[in-house]
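[1] got a structure for you, letters missing:
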């Protein structure tokens, strides 16, 4: 299993860990399905009242979809098969609060998970970036989710700079993507502490509040996501050219952190 779940019945908090450290916790199809199954199982588990989501290994929270995964796409620009659309808690109708604990890299498809978490706690060495444009791909779903958390200019810069620049944890905190900074290695304990407090409140009030906050931003998000399949189909380079760019940039110059 590439998703570990450790629940503490005494506190009502479950820690969900992406456990593919050798792949920087990138999401392959089995992992995506496991995540969806975990969220849906929590809907019927009254002992779990709050969740912390993190990544194993220390180098990365999640680096998005695994590049080894090939998902054949429909020929129509109005349709898109995206394996990450169902990896988040809200996509699986879970309205229990989820706190993300980020250490190391969080990039690309990781924003599907961060965008559906209630808030983010990050270690000081965490970095955030979106590689899509560098590889000839449109960042559509990721930016739709990020736009609910950060100012327009910061979302645009993150998406357009691609692999050339990484947003530091400090900058992510300043612009609102991260709600709490800790020393490296302290993010998980801090997230668990928050989750324990939340789990101690009446669960109906907590879940109703989660749903209310999500509803406040849902309309704009749905309109943006409705355009995503066409924008991706029209703007993405072919898979072979994407792979060429990916390999070239893996050998290429580094990046700067701001």
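    Cool, the structure landed. It should be emphasised that the depicted structure is a prediction, and the values quoted were computed from it without experimental measurement. Residues are numbered from 1 along each chain as shown.

[2] Residue 33: neighbouring residues, count only.
    15 (other Cβ atoms under 10 Å). Bear in mind the C-beta positions are built from the backbone N, C-alpha and C, glycine included.

[3] ok, now residue 254?
    There are 8 residues near residue 254, going by other Cβ under 10 Å.

[4] in this protein, which segments are predicted with low confidence?
    Counting by pLDDT under 70, the chain shows low-confidence ranges at 69-74, 77-80, 219-237, 239, 242-253.

[5] what ranges do the strands span in it?
    3-8, 13-18, 50-55, 60-62, 98-102, 105-107, 119-123, 127-129, 165-168, 180-182, 256-257 (DSSP state E).

[6] The shortest one packs against which elements?
    I take that to be strand 256-257. With contacts taken as 3 or more Cβ pairs under 8 Å, 6 or more residues apart in numbering; DSSP states H and E, strand 256-257 sits against strand 165-168.

[7] Mind listing the strands the strand it packs on pairs with, and their directions?
    Looking at strand 165-168 with DSSP bridges, its partner strands are strand 127-129 (antiparallel), strand 256-257 (parallel).

[8] which outside residues touch it?
    Residues from elsewhere that reach strand 165-168, judged by Cβ atoms under 8 Å, 6 or more residues apart in numbering: 105, 126-129, 154, 157-158, 177, 255-258.

[9] again, only this time at 6 Å
    127-129, 158, 255-257 (Cβ atoms under 6 Å, 6 or more residues apart in numbering).

[10] Pull out the buried members of those residues.
    127-129, 158, 255 (16 or more other Cβ atoms under 10 Å).

[11] And those, which is closest to residue 184?
    The closest of these to residue 184 turns out to be residue 127 (Cβ to Cβ; 11.6 Å).
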